[in-house]
Structure formats: C-alpha cells, structure tokens
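Participant: below is the structure, and that's it, no one-letter string:
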C-alpha cells in the first residue's frame, strides 16, 4: 500500500478542543484513518450540534451531528435534496454519473423500484442457503494458528461473492468489483489511484465491462439479477451510459463497502471488548442483535450529504439555499442522548437496531436486510468453528471521511 500523503499532517497532533470552534473541520480523511475523529464529534454534539465549517478541501459545509437532527434532515427531502452528490465532495462536471440515491422523487422512487426486488423477502429467503454455503467454504479454507489478513480472506471475499451473485457477474472476475468499489470511493494519491484521470479511466473500464453484460441481458428474457432488472425496467431501460455507470457504482459500493467493513469491524469490536466476546461464546442467540450493534458501532459509511433547496433553519442556525449539509451518521450512532455508553460495544444493547447507519426515509439503505443476513450467517458459522478470532496487529483504516473502513486486519484463528 502506498503511503498516504496528508493535506494537513498537523491535524493528527492537534487537540480538537484547542481549535477555535469556527475553524473545526472534521471532514479530514487522516482523522478517520487514525481513528481520531471521536473527540471532534463529541465537541460538536455538545457545543455546536449544527455547525458551519467555512473552509475545507471540499468547500464550506454544515455538520449535523445529533441523532434526532440527522433523522429530521434525512426525512425532509423537500428541504434537503439528494440531487447532485451524496458525499461532501462535489461531482466533477466533466464526469457526471447520476444515480438514484442522488435523486429526489419521483425519479428516485421509479428507479429504486426497478431493482429493489433483488433484495425482497422472497429473494433473500432463496439466497440464504447459497450465502451460508459460501461462508462455510471461505471459513474452512482459512489457516488456523497462522496470521492472515481478515479483510482480504473473509470480508472482501464474502461480499464480492454476494455481489457477483446479485449482478450475475462472471464469478472468476469478481475481484474487479472490489477494485471498482475502491476506485469509486477513494481520493487520488491515497494508494488506490494517483490521479483523477486514472480513476475515470478505470470507471470507464467498469462501464465497458457492464455494457457487455447489459447487451446480453437486454436481448434475453427478463431475469432476477440487477443488470437484467435495469435493462428491462421501464424507468431505467433508456438510461444513458453515464447514468448506468452511476447506478452501477451505487449498487457496487452499497453492496460491498458496507457489509465488508462491518464484517471486519465486528472482529475489531469483539477484540476491544473481550467481555462481549465471552458473552457471545455463552449465548449465540445474541448474534442477530449483535449484528445491529456491529453496524451501529462501526458505521461503515460515516456520512451522507444533502443540499439545502431553500433558506431554512435548524437548531437556530440559518442554512442558505445551495449550502451543503452533512449528516454525520458516525456521530449520530455515538449520541449519548440516544445510546447509553455509546462508545462501548454491547452485543445485547436493547436499542441497537435504532442505529442511523442505514439512513431514514426514502433513501434508507435498500440492501439492509441482505447486509444483516450476511453478517448473521458469518458469525453463526464462525462460532461453530473457532473459539477466538484474535486480532494480532493494528488494523489499517481507510483514509476517508466517507467510507469508514479497513484495508487490512491481521488475525489468528483458534479452534473450538
């Protein structure tokens, strides 16, 4: 992995309480890479729950950091629009990739409806045996008593196999999906690509590959995979190529980064809170609730962005039309007014399911039940094989304020 080049290396030595409040900028990837963002969010929730940052790499933005305020913004799509971009980074006018998550009704509702059956109850029920079989194979192939990278061998492999199934994507090429997900969500110069031009070139390769699959599916009877659903859907069959690419990126990232980083985050959490691991060993019926707690504690996507459609007011702060509003899910999930001892990982937490990681309202994560099912199956199968997934080195985190994830986690397995 290339060494990260920080835009502001001083941020790692600063006390966030020593920074003038009006200069506080939490949207810095290096903070998340070093897991140092927490004090920033604690301060914002307590002193400025709706906070204006006038200057950052991505321009000025508002931070919304408390649970109830995030919910209010997320459910008011008339005032806070998803159009344009769902991340703090603005869309490059020379490489626009429209996607339905970055649309408002009615287009959003029409396009989402075309693909949502792939994760409907009937399909999920039919997929459970396939997922379990694949997880069993992945776990049975792991070396016991030797150090290996959990991210590569388990988290990526499990989620990439699932994505290949959802797209009916050539299985032998499935790691291309992982690569395209990383390219789509990583800024240049951080070890994935060096320039925006390289990033765009790889995403166009993604489009070219998927265009071939589209052409196959559009000339065949409608199927139950995502590409066929897009190719035959009334509101998606006439998409231009860049909109097709946008929706592909959305589905790839949504199906890859979230589950992948929660699959790693659960191992990190159980090692940081060994008493919870003991609790899990004693009662595996806690696994479904633990999955919700993993997703809360990890928060695999740190933020979502909206743009104010008109002048408005939130918590007494006057937000102008056109300004960026960042909902920090990662902060809402640590809001002490909603979650008792929010920084602790508790697998029997009574309100773990009320986390904000999936969002609220019309943009609530489409694949949330699939993500939960994969993580549940993973931990059910782990507990049948291993007494301990031991973290034996520091996790390597992603230098991003959007994808809150891991690129490496060295572990060692102990048999039952």
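Facilitator: Good, I have the coordinates. The structure presented is a predicted model; accordingly, all values stated were derived computationally and were not measured. Numbers count the residues shown, from 1 in each chain.

Participant: for stretch 215-222, which residues meet the burial criterion?
Facilitator: residue 217 (16 or more other CB atoms under 10 Å). No exception for glycine: its C-beta is placed from N, CA and C like everyone else's.

Participant: okay, now that stretch: how far is its last residue from its first?
Facilitator: By CA to CA, to the nearest Å, the extent of stretch 215-222 from end to end equals 12 Å.

Participant: for stretch 29-41, same thing?
Facilitator: Using CA to CA, the two ends of stretch 29-41 sit 14 Å apart.

Participant: the chain should start at 749 in everything you say after this.
Facilitator: Got it, the first residue is 749 from now on, which makes the last one we talked about stretch 777-789.

Participant: so how far is residue 791 from residue 1063?
Facilitator: 15 Å (CB to CB, to the nearest Å).

Participant: likewise residue 886?
Facilitator: As judged by CB to CB, residue 886 and residue 791 stand 41 Å apart.

Participant: may I ask you to name the longest helix in this structure?
Facilitator: Taking DSSP state H as the criterion, the chain has its longest helix at helix 989-1020.

Participant: quick one: it to chain centroid distance?
Facilitator: Offset of helix 989-1020 from its chain centre (CA atoms, centre = their mean, to the nearest Å): 5 Å.

Participant: can you mark which positions in it are buried?
Facilitator: Neighbour-count burial for helix 989-1020, counted by 16+ other CB under 10 Å, picks out 990-1019.

Participant: and it, average pLDDT?
Facilitator: Averaged over helix 989-1020, pLDDT sits at 86.

Participant: stretch 1065-1083 too?
Facilitator: 97.

Participant: in it, what's buried?
Facilitator: 1067, 1071-1083.

Participant: tabulate the residues you listed (CSV), appending distance to residue 924 and secondary structure.
Facilitator: Listed next are the buried residues of stretch 1065-1083 as CSV, based on distance: CB to CB, whole Å; DSSP: H, G, I helix; E, B strand; the rest coil:
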residue, distance to residue 924, secondary structure
1067, 41, strand
1071, 37, coil
1072, 32, strand
1073, 34, strand
1074, 31, strand
1075, 31, strand
1076, 32, strand
1077, 28, helix
1078, 29, helix
1079, 34, helix
1080, 34, helix
1081, 32, coil
1082, 35, coil
1083, 38, coil
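
Participant: comparing residue 1063 and residue 791, which residue is more hemmed in?
Facilitator: Taking other CB atoms under 10 Å, residue 1063 and residue 791 do not tie; residue 791 has more neighbours (18 against 14).

Participant: can you name every helix or strand that the helix or strand harbouring that one contacts?
Facilitator: Secondary structure assignment for residue 791, by DSSP states H and E: helix 786-795. The helices and strands touching helix 786-795, judged by 3 or more CB pairs under 8 Å, 6 or more residues apart in numbering; DSSP states H and E, are helix 1077-1080.

Participant: looking at this structure, which residue lies furthest from center?
Facilitator: Computed with CA atoms, centre = their mean, the residue of the chain farthest from its C-alpha average is residue 967, at 33.3 Å.
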